[in-house]
Each structure stands twice: as C-alpha cells, then as structure tokens.
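Participant: Sequence and predicted structure, then a few things I'm wondering about:
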Amino acid sequence: MMLELSGVHAHYGAISALRSIDLSVQVGEVVTLIGANGAGKSTLMMSLFGKPRASAGRIVFDGEDITGLPAHEVARRGIALVPEGRRIFPRMTVMENLQMGAVLADPLNFEADLKRMFALFPILDERRQQRAGTLSGGEQQMLAIARALMARPKLLLLDEPSLGLAPLMIRRIFQVIRELNRDHGMTVLLVEQNAHHALRVAHRGYVLQHGRIVLSGSGRELLASAEVRAAYLEGGQPAGRRAE
Amino acid sequence: MRAPVLVHDALTLAERCKDAASVALIGLLLGVPMVGLTTVDQGGALQVATRWPLLGAFVLAVFVGRLVLRYSIDRVSAGKRLRERAEGAATASSAGGAGWVRQLGIAALVLALLMPIVFSDNRYVVDTATTVLIYVMLGWGLNVVVGLAGLLDLGHVAFYAVGAYAYALLSTQFGWGFWAALPVAGGIAALAGLLVGWPSLRLRGDYLAIVTLGFGEIIRVVLVNWTDFSGGPNGIASIPRPSFFGLPFRPPGDTPSFAGFFGLEFSPMHRIVFLYYVILLLCLITNLLVTRLRKLPIGRAWEAVREDEIACRALGINVTGVKLSAFVFGAMLGGVAGVFFAARQGFISPESFTFNESAIILAIVVLGGMGSQLGVVLASLVLVLLPELGRDFSEFRMLLFGAAMILIMIWRPGGILSRREPTLRVARKEGGA
C-alpha cells in the first residue's frame, strides 16, 4: 500500500471540510477523486501536506505515519504535488523551474531526468530559456508536471490538471498521465472535475460530496454508474459522445 | 496569429499625419529661435536676420522624418513580435539584453576605480561617491531580502545601526581595529537578523513589513534611551578610523604614518580616497557574493519563494528556512555597511538611523528594479546625486526629488533595470535559433 487515509477529518475553523475519509492508493495505480466544486477535493489533497492539518484520523505513506508533518517534510518522503492552478515560477525560466523541482533529487540524476522530461514534453526543450510565465496554459501545466517529476517522487498528486485548458490540451495531459503510469510505473492520485476523462484514465475512483466519500469503485464501474452519470457526466458531455 | 500585428498596423493615414503634424509643430516652435532667426554681422553691428524658407524646410523635414520614423518603428516592432512568437519570446531578447548589462557594469566598475584619481583634489566629489557606495551596499543587502526573496523589510536600517554601534563599541571600549571588527560586527547584525526573522518570517507580506518597521524603531529608541550602553542621543564620538595595514592617516609625528611611510607629503585627502577604495572593495565583495549565491540552489530557492510559496512547499523546500537565510544574509550586509559608516564618520548617533534611511534604501531597491544588481547602483546614483545636484534649488530640492521619482516610476514601472537575468544559460540546440 502506497498511501492510506483512514478516518481523516479536517476543518477550516468551525467548518468541517472532510469527514471520515477512507482512501487508499496501491503501488502502480492511477486513482482519481472526482466531485463538484467545494466537495473537498483540494482540501483532501492539501491535508496530505498538513494544510489544513487532519484533525482526526491517520495518513500513512509507504508505511510511515505522515499525519500533520509540515509540507516540505511530506514532499521529502517522496510525494510530489502538482498544485491547482499550476503555480509555476513565472519570472524564472523553464530550466530554472525544472531545477527547482530537482531540489530534493540527487544532483547526479539531473541530466538524465532532464532528458526524460524533454522526451516526455518536447515543447519544454524548445522553451528551456523562456520565462515560464510566457508559456501557454497547457505548456505551463506540462512544466508543472515535469517540475514535480524532477524530484523522482514515488507518488504523484495532480490537482485539477485540466483546469482552464483547451480540449485538445486536456486530452494531451491525460495522455501523459496514462503514459507516465503505463511506461514509467508512476503511481498517481488525480483530483479532477472533469470526471469523464479522469475516470477513463484511472484504475479506481472515489466520488467526494460535501467532504464525504459517497461512492468508490473501478474507473469503468464509476463511469457506468447511473449516479455518477447523472451528477457529473450528463450535460458535461455532448449527447452523441455518451454512447462510446 | 496575424491578427494582433494587423491591429497594431492599423494606424490610419490620418492618425499618422496628425502625429507627425504635432511633432512638426514642436519643431516649428523650437525652430523659430534656432533656425528661423539668425544674427549677421553688418559692419560691426549685429543684426537679426530671418530665414523663413530654411525654417519651412526644417519643419517639413521634421514632418516627413516623423512619418517615416513612426512607420519604421511600427514595422520593426511588428516584425519582432512575429519573430518572437515563432521562436519563443525570451530567447530572442535575452541574448542581446545580457550583453549590454554586463558591458554597462564593467564600464561602471572602471569609472568607479578611476574616479578618485581623476578627482584626487576634489574632496566633495570623493565624499559624495563614498556615500553613493554606502547606499549601493545597503541596497544590495536589502535587494537580497526584498528583490530576491520577496520579503518586504521596512526596517533594514536597524541592521545598519547594529553594525555601526557594534563597531563603535568594539573599537572605543575594547580597542578593536576596523578589519578585525568588520566580520564580528557583520556577524552581530546577522544574529540580530536571525532574532527578528525567526519569529516574524512566518508572517506574510504586510504583517512582516509592520514587524520590521517596528523593529527598526525599537532599535532606534533603545539607542536613544539606553544612555549607559550607547551614549543615548549624544551618540558615540571619536571612533577610530581604519588604518592602511596598521599605518594611520596622520600628520607625520613620532609614530609611523601612511604619508611618512611612503614618503608622501601629508594630505587629508589620502584618508578620503582610502575610505573610498575600502567601500568599493566591500561593494565588490558583496556583489561577487550575491551574484554567486544567486546561481547556487539557495539563491534560486530565494527567488522561487518570492514567486510562489505554495509551490515551494510542494517541492519540499523549507520556506521558512529559505526566507530566514535571505533575511540573515541581508542583515549581515547591512551590518557591514554600518561598520564602514561608523568608521568613516568617526561619530554616530541614533539620528543617522531613522526610518527615513530605511525608506531611501527601499526606494533604491524598488527604483533600481527588484533583484537587479546594476539597477541598485543606478538608483543609488540617482537618489544620492539628485538631492546633491538640487542644492541650488534650496527649498524646492525635495520637490524636484519627488517629481524625479514619480517620473522614473511612470517611465519604468518595473524599475530602472527590471529585466531579470536567468541564473543559468544553456547551450542552444542546433537549429533552435
């Protein structure tokens, strides 16, 4: 078991944002967490990094209890987060962004890792000297993913990677997630509003509603489930596409 | 892809003519006295003659010239934009940009080295240049904190004061020399930075500014009131001046002195010039340190924290630690500048360390372009020299000073040099250009 949350509660002041979350991610899996706005998806992601701190329950990563550890300590243990809204360093170049990602990694691996990233995202190679803030949204998302991967994490967390991207770019991002998992054995926990894409790429999924997990199952099961379709897919996809 | 370029090109002929006509009108106004009127020598007496046809040609030339200039500027910038889109924006402009900043820096260094030789008999010039360099050093110290790490520090003068008083007390009470006290006083200022930074760097932006502002005032108030320790408002006088490898700058007497040792005629200028070179040396060391640090992981982390704290946390960077290191390093540089200040003045009092100083140092960093080393130098020149040059305008001096600052911020909203140099350059791929 790579990551296991058991009975995790979290609060923002008096407001409870997560209630008794049980969730697990196995080595080599892509697990997705879907839910509407404000369901607590990002809160769940951030609570892994201790902000907000889990007020009850346990978070175990790779056999070690990481509940309430400060964010940088969590990252040090091999969890890399691609934050919501990308959060690249806009005034720094693409190269510098990637270097910042490699802070925790062995410097000896840097060149090899860089080559890997450029193979995965050729556009970053072309733009390595460009200020990251001048990249397009999709390119920034790729940079954010590459930056996270430079740390050689055991577990990659992606927080709404498709947010604000063009459909073609969204497709490309999900393709990359699939590649990472299939070809590089990367374990991925993916938080998404775009349930359609997320469930298709994921082995398993959880549905979050009002801070509670209301449904879980394999990606295919969830994609077929009437509840999920009604809540997250109907209207989200054009009628003609639903049949596929 | 072409749309924005076309929009930009779409200045109509009428608009272009109007623009050129308004420039031609200025040309006409300037041209009447300069071109239209001339004096001719007619048998010993000067007569004013008119040259209206020439003026007409001049104005026409201005009109046409403006049209052509405007058009070609638009063409060039439109072409450039297209090219940048094709190649990737920063690559095209960064190669050229780095070159001239470097050249300007080298030119400034050569000027700074030669300055006291050229003005060796002008005490005022060398003194003013020394003041500029003190502010350059303070600016570089604060630049690490504000420009690189993005922490708004309104109390930088506190560390300046700590350094100055540390040297003053070490030298007058314990007889320490300048060079021995320099690193120790810098260390004491760094310690002060650690003490303030440790609890307060968890705060964000505005709150940190308030805490540092308060700290700056606390230091000043303590210095004013703790008479036994700091001499209170009377300050500390007769602080020993630095000597030239043990040779004091003194009129020849029983003990060896600088002038006596080198067989020169004693001149008070020796010390002034020596002090100038000392601060220049300190500045160069500072610059070397800061530019090196920027290229190391710690310097990159400073900038990354300025850019995005949350991303830094997610990448496993201890944000508080990174901020603290920038704050302490900046404090140390401020302290070293303080040591030099005390040694140069020979007398310090809390009067020299008011909030005003903090504001000027911050203005230097912001005006220079946050994070730019050369920008700090240029801004220090502007901020020290402007009030000096303005002395002729007596009571309007500060008004001019304020107006100049406003103009700079209008013309260069990001500071004089706002372009950020990447900390590393990678060989371009073949065919990439």
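Facilitator: Received it, and whenever you're ready, just let me know what you need. None of the values given here were measured: they were computed from a predicted structure. Residues are numbered from 1 along each chain as shown, chains lettered A, B, ... in the order given.
Participant: any idea how far A:Leu180 is from the residue positioned nearest the centre of chain A?
Facilitator: Nearest residue to the geometric centre of chain A (CA atoms, centre = their mean): A:Leu158, 1.3 Å. Distance of A:Leu158 to A:Leu180, computed by CB to CB, to the nearest Å: 10 Å. For glycine as for every other residue, the C-beta is placed from the backbone atoms N, C-alpha and C.
Participant: overlap in contacts of these two?
Facilitator: Both A:Leu158 and A:Leu180 are contacted by A:Val188, under the criterion CB atoms under 8 Å, 6 or more residues apart in numbering or on different chains.
Participant: Now do the same contact list for the nearest residue to B:Ala112 once chain neighbours are set aside.
Facilitator: Nearest non-adjacent residue to B:Ala112, counting by CB to CB, 6 or more residues apart in numbering or on different chains: B:Leu280, 5.9 Å away. Contacts for B:Leu280 (CB under 8 Å, 6+ apart) come out as B:112-113, B:133.
Participant: Pretty sure B:Leu280 sits in a strand.
Facilitator: No. Assigned with DSSP: H, G, I helix; E, B strand; the rest coil, B:Leu280 falls outside any strand and is helix.
Participant: Write out the residues of chain A neighbouring chain B.
Facilitator: Residues of chain A lying near chain B by CB under 8 Å from any CB of the partner chain: A:49, A:70-72, A:75-76, A:80-83, A:87-93, A:95-96, A:99-101, A:103-104, A:125-131, A:134, A:147-148, A:151.
Participant: Just the buried residues of these.
Facilitator: Among the residues of chain A next to chain B, those scoring as buried are A:49, A:70-72, A:75-76, A:80-83, A:87-89, A:91-93, A:95-96, A:99-101, A:103-104, A:125-131, A:134, A:147-148, A:151 (criterion: 16 or more other CB atoms under 10 Å in any protein chain shown).
Participant: Out of the residues you listed, list just those in strands.
Facilitator: Counting by DSSP state E, the part of those found in strands is A:80-82.
Participant: Can you spell out the domain ranges of chain B, please?
Facilitator: B:3-40+B:48-87, B:119-411 (automatic domain parsing).
Participant: Let me see the ranges of the strands in chain A.
Facilitator: With DSSP E as the criterion, chain A has strands spanning A:3-12, A:15-25, A:30-35, A:54-61, A:64-65, A:79-82, A:155-159, A:187-192, A:204-209, A:212-218.
Participant: okay if I get those strands as CSV plus distance to B:Ala363?
Facilitator: Output for the strands of chain A, formatted as CSV (distance: least, CB to CB, whole Å):
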stretch, distance to B:Ala363
strand A:3-12, 39
strand A:15-25, 43
strand A:30-35, 49
strand A:54-61, 46
strand A:64-65, 50
strand A:79-82, 38
strand A:155-159, 40
strand A:187-192, 44
strand A:204-209, 50
strand A:212-218, 54
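Participant: could those strands be laid out in TSV, adding mean pLDDT?
Facilitator: Converted to TSV, the strands of chain A look like this (pLDDT from 0 to 100):
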stretch	mean pLDDT
strand A:3-12	93
strand A:15-25	92
strand A:30-35	94
strand A:54-61	93
strand A:64-65	94
strand A:79-82	93
strand A:155-159	95
strand A:187-192	95
strand A:204-209	93
strand A:212-218	92
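Participant: Report the helix or strand with the lowest average pLDDT across chain B.
Facilitator: Least confident element among the helices and strands of chain B, by mean pLDDT, DSSP states H and E: helix B:3-9 (a mean of 45).
Participant: Tell me which residue of chain A lies closest to chain B.
Facilitator: Per CB to the nearest CB, A:Ala75 is where chain A lies closest to chain B, at 3.2 Å.
Participant: What residues does the stretch 201-350 of chain B have near chain A?
Facilitator: Close to chain A, as judged by CB under 8 Å from any CB, the stretch 201-350 of chain B has residues B:297, B:300-301, B:303-304, B:307-308, B:310-319.
Participant: go with 10 Å
Facilitator: B:297, B:300-301, B:303-322 (CB under 10 Å from any CB of the partner chain).
Participant: Using the three-state scheme, assign B:Val273.
Facilitator: helix.
Participant: That one against B:Ser120, yeah?
Facilitator: Yes. B:Val273 is in contact with B:Ser120 according to CB atoms under 10 Å; the separation is 6.7 Å.
Participant: From the centroid of chain B, which residue is nearest?
Facilitator: B:Val376 (2.3 Å).
Participant: What distance do you get for the nearest residue to that residue once chain neighbours are set aside to B:Arg294?
Facilitator: In this structure, B:Val376 finds its nearest non-sequential neighbour in B:Gly139, 3.9 Å apart by CB to CB, 6+ apart. Going from B:Gly139 to B:Arg294 by CB to CB gives 15 Å.
Participant: Between the two, point out the one with more neighbours.
Facilitator: Using other CB atoms under 10 Å in any protein chain shown as the criterion, B:Gly139 and B:Arg294 rank with B:Gly139 on top: 31 against 18.
Participant: Would you quantify the distance from the more buried one to chain A?
Facilitator: For B:Gly139, the distance to chain A (CB to the nearest CB, to the nearest Å) stands at 20 Å.
Participant: thinking again about what came up before, show me the common contact partners of B:Val273 and B:Ser120, please.
Facilitator: B:126, B:267 (CB atoms under 10 Å, 6 or more residues apart in numbering or on different chains).
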